[in-house]
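Participant: Sequence isn't available, so here's the structure alone:
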(Lines give C-alpha, C1' and ligand atoms only; values in the text may rest on other atoms or scores of the structure.)
Protein backbone atom coordinates (compact mmCIF):
# COMPACT_ATOMS: atom_id res chain seq x y z
CA UNK A 1 0.00 0.00 0.00
CA UNK A 2 2.92 2.30 0.76
CA UNK A 3 4.33 1.92 -2.77
CA UNK A 4 0.94 2.77 -4.26
CA UNK A 5 0.83 5.95 -2.14
CA UNK A 6 4.28 6.93 -3.42
CA UNK A 7 3.10 6.42 -6.99
CA UNK A 8 -0.12 8.35 -6.53
CA UNK A 9 -0.45 11.10 -3.96
CA UNK A 10 -4.13 12.11 -4.22
CA UNK A 11 -3.82 15.52 -2.57
CA UNK A 12 -0.74 16.40 -4.64
CA UNK A 13 -2.46 15.42 -7.91
CA UNK A 14 -5.53 17.44 -6.98
CA UNK A 15 -3.47 20.52 -6.11
CA UNK A 16 -1.34 20.37 -9.25
CA UNK A 17 -4.26 19.77 -11.62
CA UNK A 18 -6.17 22.70 -10.12
CA UNK A 19 -3.07 24.80 -10.80
CA UNK A 20 -3.24 23.74 -14.44
CA UNK A 21 -0.12 21.57 -14.31
CA UNK A 22 -0.29 19.72 -17.64
CA UNK A 23 2.24 17.09 -16.56
CA UNK A 24 -0.02 15.95 -13.74
CA UNK A 25 -3.07 16.28 -15.97
CA UNK A 26 -1.49 13.97 -18.56
CA UNK A 27 -0.52 11.44 -15.90
CA UNK A 28 -4.04 11.43 -14.48
CA UNK A 29 -5.54 10.80 -17.93
CA UNK A 30 -3.04 7.97 -18.48
CA UNK A 31 -4.04 6.47 -15.14
CA UNK A 32 -7.69 6.65 -16.20
CA UNK A 33 -6.91 4.76 -19.41
CA UNK A 34 -5.56 1.82 -17.42
CA UNK A 35 -7.69 -1.32 -17.20
CA UNK A 36 -6.30 -2.30 -13.79
CA UNK A 37 -8.96 -2.20 -11.08
CA UNK A 38 -6.57 -0.48 -8.64
CA UNK A 39 -5.94 2.31 -11.15
CA UNK A 40 -9.64 2.67 -11.89
CA UNK A 41 -10.28 3.13 -8.17
CA UNK A 42 -7.54 5.76 -7.86
CA UNK A 43 -8.75 7.88 -10.78
CA UNK A 44 -12.31 7.78 -9.47
CA UNK A 45 -11.11 8.95 -6.04
CA UNK A 46 -9.28 11.84 -7.72
CA UNK A 47 -12.33 12.77 -9.79
CA UNK A 48 -14.49 12.83 -6.66
CA UNK A 49 -12.13 15.46 -5.23
CA UNK A 50 -12.13 17.48 -8.45
CA UNK A 51 -15.84 17.40 -9.34
CA UNK A 52 -16.69 20.68 -7.52
CA UNK A 53 -14.26 22.41 -9.91
CA UNK A 54 -15.81 21.08 -13.14
CA UNK A 55 -18.70 22.00 -15.42
CA UNK A 56 -17.58 25.44 -16.55
CA UNK A 57 -16.32 24.63 -20.06
CA UNK A 58 -18.11 24.28 -23.38
CA UNK A 59 -17.74 20.69 -24.61
CA UNK A 60 -17.57 20.29 -28.38
CA UNK A 61 -17.51 17.11 -30.46
CA UNK A 62 -15.83 17.22 -33.88
CA UNK A 63 -16.44 14.39 -36.31
CA UNK A 64 -15.98 13.65 -39.99
CA UNK A 65 -14.52 11.07 -42.33
CA UNK A 66 -10.72 10.63 -42.45
CA UNK A 67 -9.29 13.38 -44.64
CA UNK A 68 -12.01 15.90 -43.81
CA UNK A 69 -9.45 18.06 -42.01
CA UNK A 70 -10.63 17.68 -38.42
CA UNK A 71 -7.20 18.27 -36.89
CA UNK A 72 -6.55 21.25 -39.17
CA UNK A 73 -9.86 22.86 -38.29
CA UNK A 74 -9.36 22.23 -34.57
CA UNK A 75 -5.93 23.84 -34.71
CA UNK A 76 -7.33 26.90 -36.53
CA UNK A 77 -10.25 27.22 -34.11
CA UNK A 78 -8.10 26.65 -31.03
CA UNK A 79 -5.50 29.20 -32.15
CA UNK A 80 -8.27 31.72 -32.93
CA UNK A 81 -9.83 31.32 -29.46
CA UNK A 82 -6.48 31.66 -27.71
CA UNK A 83 -5.26 34.68 -29.69
CA UNK A 84 -8.53 36.63 -29.83
CA UNK A 85 -10.27 35.73 -26.56
CA UNK A 86 -7.36 34.43 -24.42
CA UNK A 87 -9.27 31.21 -23.72
CA UNK A 88 -7.68 27.96 -22.60
CA UNK A 89 -8.33 25.16 -25.09
CA UNK A 90 -8.03 21.41 -24.51
CA UNK A 91 -8.08 18.94 -27.39
CA UNK A 92 -8.85 15.28 -26.74
CA UNK A 93 -7.90 13.63 -30.02
CA UNK A 94 -8.85 9.99 -30.48
CA UNK A 95 -6.68 7.91 -32.82
CA UNK A 96 -7.73 4.57 -34.33
CA UNK A 97 -6.32 1.46 -32.68
CA UNK A 98 -5.18 -1.52 -34.72
CA UNK A 99 -7.28 -4.65 -34.22
CA UNK A 100 -4.17 -6.77 -34.83
CA UNK A 101 -1.46 -5.29 -32.63
CA UNK A 102 -3.55 -2.77 -30.61
CA UNK A 103 -1.10 -0.02 -31.59
CA UNK A 104 -2.08 3.57 -32.35
CA UNK A 105 -0.30 6.33 -34.27
CA UNK A 106 -1.14 9.14 -31.81
CA UNK A 107 0.03 11.78 -34.23
CA UNK A 108 -2.30 14.67 -33.46
CA UNK A 109 0.36 16.76 -31.70
CA UNK A 110 2.37 16.57 -34.91
CA UNK A 111 -0.65 17.59 -37.01
CA UNK A 112 -1.39 20.49 -34.63
CA UNK A 113 2.15 21.78 -34.34
CA UNK A 114 1.21 25.48 -34.04
CA UNK A 115 -1.48 24.92 -31.41
CA UNK A 116 0.71 22.56 -29.40
CA UNK A 117 3.28 25.34 -28.91
CA UNK A 118 0.79 27.51 -27.00
CA UNK A 119 0.85 27.52 -23.20
CA UNK A 120 -2.93 28.01 -23.32
CA UNK A 121 -3.49 24.74 -25.19
CA UNK A 122 -3.43 21.12 -24.07
CA UNK A 123 -3.50 18.37 -26.69
CA UNK A 124 -3.98 14.81 -25.58
CA UNK A 125 -4.01 12.03 -28.19
CA UNK A 126 -5.48 8.76 -26.96
CA UNK A 127 -6.02 5.39 -28.64
CA UNK A 128 -9.64 4.52 -29.45
CA UNK A 129 -9.09 1.05 -27.94
CA UNK A 130 -11.46 -0.28 -30.64
CA UNK A 131 -14.43 1.53 -29.13
CA UNK A 132 -17.42 1.59 -31.46
CA UNK A 133 -18.39 5.11 -30.55
CA UNK A 134 -15.20 6.71 -31.80
CA UNK A 135 -14.23 7.87 -28.31
CA UNK A 136 -12.19 6.06 -25.69
CA UNK A 137 -13.72 4.43 -22.65
CA UNK A 138 -12.33 7.20 -20.47
CA UNK A 139 -12.80 10.26 -22.68
CA UNK A 140 -15.57 11.47 -20.39
CA UNK A 141 -13.26 11.37 -17.37
CA UNK A 142 -10.60 13.25 -19.34
CA UNK A 143 -13.16 15.99 -20.03
CA UNK A 144 -13.73 16.51 -16.30
CA UNK A 145 -10.00 16.45 -15.57
CA UNK A 146 -9.42 19.16 -18.20
CA UNK A 147 -12.24 21.27 -16.76
CA UNK A 148 -10.70 21.01 -13.29
CA UNK A 149 -7.41 22.19 -14.82
CA UNK A 150 -9.15 25.37 -15.99
CA UNK A 151 -9.77 24.80 -19.70
CA UNK A 152 -12.60 26.90 -21.14
CA UNK A 153 -13.20 24.97 -24.36
CA UNK A 154 -12.79 21.21 -24.75
CA UNK A 155 -12.69 19.85 -28.29
CA UNK A 156 -13.14 16.10 -28.74
CA UNK A 157 -11.90 14.88 -32.11
CA UNK A 158 -13.29 11.43 -32.91
CA UNK A 159 -11.67 8.77 -35.08
CA UNK A 160 -14.01 9.54 -37.97
CA UNK A 161 -15.18 6.09 -38.94
CA UNK A 162 -18.89 6.59 -39.58
CA UNK A 163 -22.28 6.47 -37.95
CA UNK A 164 -21.04 5.17 -34.59
CA UNK A 165 -19.53 8.63 -34.03
CA UNK A 166 -22.89 9.73 -32.60
CA UNK A 167 -21.82 8.11 -29.32
CA UNK A 168 -19.77 11.23 -28.63
CA UNK A 169 -23.06 13.10 -28.27
CA UNK A 170 -23.52 11.70 -24.79
CA UNK A 171 -20.55 13.73 -23.53
CA UNK A 172 -20.64 17.03 -25.43
CA UNK A 173 -22.82 20.14 -25.51
CA UNK A 174 -22.34 20.88 -29.21
CA UNK A 175 -21.66 18.45 -32.04
CA UNK A 176 -20.23 19.44 -35.42
CA UNK A 177 -19.64 17.32 -38.49
CA UNK A 178 -17.11 18.08 -41.22
CA UNK A 179 -17.88 17.42 -44.87
CA UNK A 180 -15.34 18.13 -47.60
CA UNK A 181 -16.29 20.01 -50.76
CA UNK A 182 -17.70 17.56 -53.29
CA UNK A 183 -17.87 14.89 -50.60
CA UNK A 184 -20.62 12.91 -52.28
CA UNK A 185 -24.36 12.61 -52.64
CA UNK A 186 -26.06 14.82 -50.05
CA UNK A 187 -29.12 12.58 -49.75
CA UNK A 188 -26.95 9.50 -49.24
CA UNK A 189 -25.08 11.38 -46.53
CA UNK A 190 -28.32 12.07 -44.69
CA UNK A 191 -29.30 8.39 -44.88
CA UNK A 192 -26.22 7.51 -42.85
CA UNK A 193 -28.06 8.88 -39.84
CA UNK A 194 -25.32 10.92 -38.21
CA UNK A 195 -26.61 14.15 -39.73
CA UNK A 196 -29.80 13.83 -37.72
CA UNK A 197 -27.81 14.41 -34.54
CA UNK A 198 -25.48 17.27 -35.44
CA UNK A 199 -25.78 20.92 -34.47
CA UNK A 200 -23.50 22.28 -37.18
CA UNK A 201 -22.30 20.91 -40.50
CA UNK A 202 -19.10 22.46 -41.83
CA UNK A 203 -18.28 22.12 -45.51
CA UNK A 204 -14.53 22.20 -45.01
CA UNK A 205 -11.59 22.90 -47.30
CA UNK A 206 -13.51 25.71 -49.01
CA UNK A 207 -10.23 27.01 -50.40
CA UNK A 208 -9.91 29.63 -53.15
CA UNK A 209 -11.48 28.10 -56.31
CA UNK A 210 -13.70 25.84 -54.16
CA UNK A 211 -15.45 28.68 -52.33
CA UNK A 212 -18.53 28.96 -54.55
CA UNK A 213 -19.08 25.20 -54.63
CA UNK A 214 -18.66 24.99 -50.85
CA UNK A 215 -21.21 27.75 -50.27
CA UNK A 216 -23.65 26.03 -52.61
CA UNK A 217 -23.29 22.71 -50.79
CA UNK A 218 -23.69 24.40 -47.39
CA UNK A 219 -26.90 26.09 -48.62
CA UNK A 220 -28.21 22.70 -49.82
CA UNK A 221 -27.53 21.10 -46.46
CA UNK A 222 -29.26 23.98 -44.71
CA UNK A 223 -32.38 23.41 -46.83
CA UNK A 224 -32.31 19.70 -46.03
CA UNK A 225 -32.04 20.36 -42.31
CA UNK A 226 -35.22 22.43 -42.51
CA UNK A 227 -37.03 19.23 -43.56
CA UNK A 228 -36.04 17.36 -40.41
CA UNK A 229 -38.54 17.11 -37.52
CA UNK A 230 -37.89 19.73 -34.79
CA UNK A 231 -35.16 18.66 -32.36
CA UNK A 232 -35.80 18.55 -28.63
CA UNK A 233 -33.46 21.51 -28.26
CA UNK A 234 -35.52 23.48 -30.82
CA UNK A 235 -32.18 24.35 -32.40
CA UNK A 236 -32.21 24.20 -36.20
CA UNK A 237 -28.94 22.61 -37.36
CA UNK A 238 -26.79 25.07 -39.23
CA UNK A 239 -24.51 24.56 -42.24
CA UNK A 240 -21.61 26.75 -43.31
CA UNK A 241 -18.44 26.67 -45.40
CA UNK A 242 -15.02 27.10 -43.89
CA UNK A 243 -11.36 27.08 -44.89
CA UNK A 244 -8.67 26.44 -42.32
CA UNK A 245 -6.06 27.11 -45.00
CA UNK A 246 -7.42 30.57 -45.84
CA UNK A 247 -8.60 31.20 -42.26
CA UNK A 248 -12.16 31.99 -43.43
CA UNK A 249 -15.30 31.04 -41.56
CA UNK A 250 -13.58 30.31 -38.23
CA UNK A 251 -15.12 33.37 -36.57
CA UNK A 252 -18.57 32.46 -37.93
CA UNK A 253 -18.18 28.93 -36.60
CA UNK A 254 -17.46 30.23 -33.09
CA UNK A 255 -20.36 32.70 -33.27
CA UNK A 256 -22.69 29.85 -34.26
CA UNK A 257 -21.53 27.82 -31.27
CA UNK A 258 -22.08 30.76 -28.91
CA UNK A 259 -25.55 31.35 -30.37
CA UNK A 260 -26.39 27.69 -29.77
CA UNK A 261 -25.20 27.95 -26.17
CA UNK A 262 -27.20 31.14 -25.59
CA UNK A 263 -30.38 29.72 -27.10
CA UNK A 264 -30.23 26.37 -25.30
CA UNK A 265 -29.33 27.95 -21.96
CA UNK A 266 -32.32 30.24 -22.30
CA UNK A 267 -34.66 27.32 -23.04
CA UNK A 268 -33.20 25.10 -20.31
CA UNK A 269 -32.09 22.46 -22.80
CA UNK A 270 -28.37 23.08 -22.14
CA UNK A 271 -28.75 22.09 -18.49
CA UNK A 272 -30.94 19.12 -19.47
CA UNK A 273 -28.22 17.89 -21.78
CA UNK A 274 -25.66 18.23 -18.99
CA UNK A 275 -27.97 16.11 -16.82
CA UNK A 276 -28.21 13.55 -19.63
CA UNK A 277 -24.40 13.48 -19.78
CA UNK A 278 -24.30 12.78 -16.06
CA UNK A 279 -26.82 9.93 -16.41
CA UNK A 280 -24.83 8.43 -19.31
CA UNK A 281 -21.67 8.51 -17.18
CA UNK A 282 -23.45 6.83 -14.29
CA UNK A 283 -24.72 4.09 -16.60
CA UNK A 284 -21.18 3.52 -17.93
CA UNK A 285 -19.83 3.26 -14.37
CA UNK A 286 -22.71 0.96 -13.46
CA UNK A 287 -21.82 -1.35 -16.35
CA UNK A 288 -18.15 -1.22 -15.39
CA UNK A 289 -18.92 -2.23 -11.81
CA UNK A 290 -21.23 -5.04 -12.95
CA UNK A 291 -18.54 -6.37 -15.28
CA UNK A 292 -16.00 -6.22 -12.46
CA UNK A 293 -18.41 -8.12 -10.22
CA UNK A 294 -18.86 -10.79 -12.89
CA UNK A 295 -15.08 -11.15 -13.25
CA UNK A 296 -14.25 -11.30 -9.55
CA UNK A 297 -17.16 -13.11 -7.83
CA UNK A 298 -15.77 -16.62 -7.10
CA UNK A 299 -18.92 -18.65 -7.81
CA UNK A 300 -19.84 -16.54 -10.82
CA UNK A 301 -16.37 -16.80 -12.35
CA UNK A 302 -16.39 -20.59 -12.06
CA UNK A 303 -19.93 -20.75 -13.44
CA UNK A 304 -19.13 -18.47 -16.38
CA UNK A 305 -16.07 -20.53 -17.31
CA UNK A 306 -18.08 -23.75 -17.08
CA UNK A 307 -20.89 -22.38 -19.26
CA UNK A 308 -18.42 -21.26 -21.93
CA UNK A 309 -16.55 -24.58 -21.87
CA UNK A 310 -19.82 -26.50 -22.18
CA UNK A 311 -20.95 -24.30 -25.06
CA UNK A 312 -17.78 -25.22 -26.99
CA UNK A 313 -17.72 -28.90 -25.99
CA UNK A 314 -21.39 -29.58 -26.72
CA UNK A 315 -21.68 -27.13 -29.63
CA UNK A 316 -24.40 -25.14 -27.88
CA UNK A 317 -25.45 -21.83 -29.36
CA UNK A 318 -24.60 -18.59 -27.50
CA UNK A 319 -28.35 -18.24 -26.88
CA UNK A 320 -28.39 -21.55 -25.00
CA UNK A 321 -25.33 -20.46 -23.02
CA UNK A 322 -27.03 -17.16 -22.23
CA UNK A 323 -30.03 -19.05 -20.88
CA UNK A 324 -27.71 -21.02 -18.60
CA UNK A 325 -26.16 -17.75 -17.41
CA UNK A 326 -29.62 -16.40 -16.58
CA UNK A 327 -30.34 -19.54 -14.52
CA UNK A 328 -26.99 -19.20 -12.74
CA UNK A 329 -27.65 -15.57 -11.82
CA UNK A 330 -31.18 -16.34 -10.66
CA UNK A 331 -29.97 -19.16 -8.45
CA UNK A 332 -27.14 -17.06 -7.02
CA UNK A 333 -29.18 -13.95 -6.18
CA UNK A 334 -32.24 -15.82 -4.92
CA UNK A 335 -30.07 -17.03 -2.04
CA UNK A 336 -29.01 -13.52 -1.00
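Facilitator: Done, it's in. It should be emphasised that the depicted structure is a prediction, and the values quoted were computed from it without experimental measurement.

Participant: Now do the strands in the stretch 201-336 of the chain.
Facilitator: Per DSSP state E, counting those that start in this stretch, the stretch 201-336 of the chain carries strands over the ranges 238-241.

Participant: Do a quick rundown of the helices in it.
Facilitator: With helices called from DSSP state H, counting those that start in this stretch, the stretch 201-336 of the chain shows them at 211-225, 250-267, 269-296, 298-313, 318-334.

Participant: List the buried residues in the helix or strand encompassing residue 47.
Facilitator: Taking DSSP states H and E as the definition, one finds residue 47 inside helix 37-50. Using 16 or more other CB atoms under 10 Å as the test for burial, helix 37-50 gives 39, 40, 42, 43, 46, 47, 49, 50. For the C-beta atoms, the positions are set from N, CA and C on the backbone; glycine is no exception.

Participant: thought the fifth one was touching residue 12?
Facilitator: To tie it back to what came earlier, the one meant is residue 46. No - taking CB atoms under 8 Å as the definition, residue 46 is not a contact partner of residue 12, at 10.4 Å.

Participant: still on that earlier bit, among the buried residues of helix 37-50, show me the least confident.
Facilitator: Minimum pLDDT for the buried residues of helix 37-50 is recorded at residue 40 (87).

Participant: Distance check, it against residue 157.
Facilitator: For residue 40, the distance to residue 157 (CB to CB, to the nearest Å) stands at 25 Å.

Participant: can you check residue 27 too?
Facilitator: Going from residue 27 to residue 157 by CB to CB gives 21 Å.

Participant: Next: residue 310.
Facilitator: Separation of residue 310 from residue 157 (CB to CB): 45 Å.

Participant: So these two - more neighbours on which side?
Facilitator: Using other CB atoms under 10 Å, the more surrounded residue of residue 310 and residue 157 is residue 157, with 27 against 14.

Participant: per-domain residue ranges of this protein.
Facilitator: By the assignment in automatic domain parsing, the chain contains the domains 1-53, 55-266, 281-334.

Participant: Quick check: which of the ones you listed is buried the most?
Facilitator: Across the domains of the chain, averaging neighbours per residue (mean count of other CB atoms under 10 Å) puts domain 55-266 on top, at a mean of 19.

Participant: And that domain, end to end?
Facilitator: 17 Å (CA to CA, to the nearest Å).

Participant: average model confidence for it?
Facilitator: Mean predicted lDDT for domain 55-266 stands at 83.

Participant: go on, stretch 19-26?
Facilitator: Mean predicted lDDT for stretch 19-26 stands at 97.

Participant: Quick one: residues in contact with that stretch.
Facilitator: Under the criterion CB atoms under 8 Å, 6 or more residues apart in numbering, residues 12, 13, 16, 17, 88, 122, 124, 145, 146, 149, 150 lie in contact with stretch 19-26.

Participant: Could you verify my assumption that residue 87 touches residue 152?
Facilitator: Yes - counting by CB under 8 Å, residue 87 touches residue 152, with 4.3 Å between them.

Participant: what residues are shared contacts of the two?
Facilitator: Counting by CB under 8 Å, 6+ apart, the contacts common to residue 87 and residue 152 are residue 81.

Participant: Among the buried residues of helix 37-50, which one sits closest to residue 294?
Facilitator: Comparing the buried residues of helix 37-50 against residue 294 with CB to CB picks out residue 40 as the nearest, at 15.1 Å.

Participant: Could I get the full set of strands for the stretch 51-200 of the chain?
Facilitator: Using DSSP E, counting those that start in this stretch, the strands found in the stretch 51-200 of the chain span residues 58-64, 89-95, 121-127, 153-157, 174-180, 200-204.

Participant: could those go into CSV alongside distance to residue 286?
Facilitator: What follows is those, written out as CSV (distance: least, CB to CB, whole Å):
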stretch, distance to residue 286
strand 58-64, 22
strand 89-95, 23
strand 121-127, 23
strand 153-157, 22
strand 174-180, 24
strand 200-204, 32
